[in-house]
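A.B. asks: please work out how this folds:
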Amino acid sequence: MSHQQRDIKKEDAALEGMHDTPEERSNQARGHKANLSNPNTSEKSKEKSKEALRDLGGEEAFYSKDSDK
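C.D. replies: Take a look at the predicted model:
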């Protein structure tokens, strides 16, 4: 078995999406947005960040606790 393969046990499979919270998606979106504004980032990396932001929901991916009120 290579190091890149993951051996997920049945009981661990339920934990796979446990960090998929609005806060986590917002953190991911912030990282991609920062990557887009970084002048030292390659165009290929910026394209991947654009795609990731789109997949996360664009501007809707940014979570604010104030928006719950």
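A.B. asks: now residue 52: closest residue in space that isn't a chain neighbour?
C.D. replies: Nearest non-adjacent residue to residue 52, counting by C-beta to C-beta, 6 or more residues apart in numbering: residue 32, 5.0 Å away. The way it works is simple: take the backbone N, C-alpha and C, and place the C-beta from them, glycine included.
A.B. asks: show me what contacts the one you found?
C.D. replies: Listed by C-beta atoms under 8 Å, 6 or more residues apart in numbering, the contact set of residue 32 reads 49, 50, 52, 53, 56.
A.B. asks: just the buried ones from those?
C.D. replies: Buried members of those, scored by 16 or more other C-beta atoms under 10 Å, are 49, 52, 53, 56.
A.B. asks: contacting residues around the third one?
C.D. replies: When you say that, I think you mean residue 53. Contacts of residue 53 (C-beta under 8 Å, 6+ apart): 29, 32, 33, 36, 61.
A.B. asks: let's see it at 7 Å
C.D. replies: Contact partners of residue 53, counting by C-beta atoms under 7 Å, 6 or more residues apart in numbering, are 29, 32, 33, 61.
A.B. asks: and it, what's its pLDDT?
C.D. replies: Per-residue pLDDT puts residue 53 at 93.
A.B. asks: burial count for residue 25?
C.D. replies: 18 (other C-beta atoms under 10 Å).
A.B. asks: then the one 10 residues further on?
C.D. replies: Residue 35 sits with 18 neighbouring residues when counted by other C-beta under 10 Å.
A.B. asks: of the buried ones among the contacts of residue 32, which belong to helices?
C.D. replies: Judged by DSSP state H, the subset of those located in helices is 49, 52, 53, 56.
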